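> here are the coordinates; sequence isn't available:
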């Protein structure tokens, strides 16, 4: 996906009567597509909340955490893990919400021994070239994908409402404005 | 007081030397005279080859543990006690801090005790993977660390363990593990079975890729082998999508994990390791190849190049079985001999099956002038094919060559094999004619490699029993032998052997095969007779009858041979319907052995000795291969020497000559004639 002056593009054409929900912020954009029905926004928000909850669940109590990214998922995680983020100690868990290769590299290079990288966002590249000896092996790092928690409307209404408040809707053919934490991009009207 | 010893040292990269050392007692240190020391193969190989992430300074003293006897009593250890020293270099004498020492359990193999550090590495890997006792798992990599990991898991109750490797080179190492299943990454079944715990003990990018492939969704993958590249592709998207957990497990992080968990895992794993080796539930001694200190250079060359090698160590002293307790076994198994096969037709196909049953040999490559035959055999066995004999002989992984081709081709292949420095095992006979056989025997006598002829009759239980009877004097000096070799070969045999895999008329050609039933079949009985009486043939008298299938070869051979004072009478025929087939008996003044069809011994005196069958190999073909491999590895003469095979060839030549002239013929004279003519 791209943003800025040019219209956002998708790897595959967005089907008619569908909407793409995109995690925003300054990192790589990623998201998912769903039918543009009445519950679509709320269901998408609940999905992001579920991912955030699953990622937060990987953090043992009292463990200092860093959340990478500034899109909706990062926003939700920061609300879910205020204590872990506020310790000021060296983080032993890093949750990446961007999926960007530099972020993954940075996380692996930063973590201390026995540190844990949670891939909360789908990595942009299939592979990351990592220092498997110096970083993963010698420091006994862990890299995981979060265990899924089913998205349910009503699971955390406050968080879902907050997410919906932040949603930036982008009309068909328009560019994505800077600064949004997440976007709903409507497909083009059928010709 | 000071002690002198030796150590293995690398003065610089790629060089190995044995250096003299002097050690002095220190407080809270034990002086240990070491009997053996072991390597951590992956780490030492990487350091020896100066691979990435394995930088060291020189001189360097490699090694990963050792076992020996306490020289002077020190706190907690008595003089003479057998102890192991964890993570200790290859030295014959150690001054080791007592916290690095552990008493070797009564029933444990000292070799296993020396693998303490490797055991900790394996246990730490399993711990990092969250292994609960009994969980099925896959181990990628069949090296020593991988082997320890799977064997610890099996000792903890795992009943199902898949071993994934890039090649079959180390397949031999899992053959004694019923719970383990060996799969290569290019096999059709690779990836079909997925486990939730995968240990990657390879340290390679390909190993990590394989580990991800065989991991079940939600599975855990442990990076146990030290990666030897600066960076490697980590499949992060697959980790995300399949919710995998990838965790590193360097042994240096064991204290960190202990601190995090609040439990002394070093102590826990150590106690468990010694419990397991002491109770016989865990061993890796069978995977170790030991070298003398003077062979240390060979050890590291082997570590660098030999994909079959699993574990290696140095024996500072010869094994003394009474060192620990009567039940402590100090085993020194050898690595399997890696065979290339030349000739993939009728008998070659059977030989390939034999390799799969052999505990001492591995079939790695094959060649046939007919590529389709080689390809079919490769498909069946998973070995690689070569496009030429030269390519096969140039393959560094091929140590020995089994020749299973028409008899007239033996000489050329045998000489090329010996010239290439490979060990040579020929299907019988040595050659199609005596002159070629002599040239092969001469080349064998000059070669540093081992030459033998495959004669599985020497490994039949009845034959070995007869030798025991003879050696024990229960038969007296053999007086006579009577044997019949009666078979019923179908007409198709002469055009394609018993399998018809390769259609050829070479069996019908005297020039190509050397003859009919005499050289094809009776040869086995002639060899048994010669080796039982332990005397050369003085004369041979024979009559033959022509085969209905070819005028060039005989269908019937009646042969009398004088082995010193022993007269042996043989009748062989290839068109005799029905049983009994083979009969063979030998007797002397004190007793009578029937070897075939069923073992029987009759003593002239009522000696209260029961020489019935003892436990013996029930697979003479595999035992013959094993015997050859043992001869190669140990440096002893093979059970069937080239000279013995030449003597049998001379008896056969004399038989044909006698049948032609109607007069007795002395094999010795034929050998002299051939020798003079050479």
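It's in. Remember, predicted model here, so these are calculated numbers, not experimental data.
> which bits of the stretch 51-200 of chain B sit near chain A?
Residues of the stretch 51-200 of chain B found near chain A (Cβ under 8 Å from any Cβ of the partner chain) are B:52, B:53, B:128. C-beta here means a position set from N, CA and C on the backbone, and glycine is covered the same way.
> Pick the one among those closest to chain A.
residue B:53 (4.1 Å; Cβ to the nearest Cβ).
> Check the closest one and give its pLDDT.
At residue B:53, the pLDDT value in this model is 82.
> Kindly report the same for the one 3 residues further on.
Per-residue confidence for residue B:56 comes out at a pLDDT of 88.
> now do residue B:677
Taking residue B:677 on its own, its pLDDT is 51.
> So which bits of chain B are right by chain A?
So far as Cβ under 8 Å from any Cβ goes, chain B lies against chain A at B:52-53, B:128, B:203, B:205, B:208, B:218, B:223, B:226-250, B:252-253, B:256-257, B:260.
> Just the buried ones from those residues?
By neighbour count, with 16 or more other Cβ atoms under 10 Å in any protein chain shown, the residues of chain B next to chain A hold B:53, B:128, B:203, B:205, B:208, B:223, B:226-229, B:231-240, B:243-250, B:253, B:256-257 as buried.
> Can you flag which of the residues you listed belong to helices?
Using DSSP state H, the members of those that fall in helices are B:128, B:205, B:208, B:236, B:237, B:238, B:239, B:240, B:256, B:257.
> Apart from its chain neighbours, what residue comes closest to the first one?
If you skip the residues right next to it in sequence, residue B:128 has residue B:249 as its closest partner in space, 4.0 Å away by Cβ to Cβ, 6 or more residues apart in numbering or on different chains.
> Which pLDDT value goes with that neighbour?
97.
> try the one 4 residues further on
Residue B:253 carries a pLDDT score of 96 in this model.
> check contacts around the closest residue to it other than its chain neighbours.
Excluding its sequence neighbours, the residue lying closest to residue B:253 (Cβ to Cβ, 6+ apart) is residue A:140, at 3.9 Å. For residue A:140, the contact set (Cβ atoms under 8 Å, 6 or more residues apart in numbering or on different chains) comprises A:113, A:114, B:128, B:247, B:248, B:249, B:250, B:253, B:256, B:257.
> Pull out the buried residues from stretch A:176-187.
Under 16+ other Cβ under 10 Å, the buried positions of stretch A:176-187 are A:176, A:180, A:181, A:182, A:183, A:184, A:185, A:186, A:187.
> What's the separation between the spatially closest residue to the last one that is not a sequence neighbour and chain B?
In other words, residue A:187. Excluding its sequence neighbours, the residue lying closest to residue A:187 (Cβ to Cβ, 6+ apart) is residue A:14, at 4.1 Å. Separation of residue A:14 from chain B (Cβ to the nearest Cβ, to the nearest Å): 21 Å.
> who touches the helix or strand bottoming out on mean pLDDT in chain A?
Of all helical and strand segments in chain A, the minimum by mean pLDDT, DSSP states H and E falls on helix A:82-85, at a mean of 80. With contacts defined as Cβ under 8 Å, 6+ apart, helix A:82-85 is touched by A:59, A:62, A:63, A:64, A:65, A:66, A:67, A:78, A:93.
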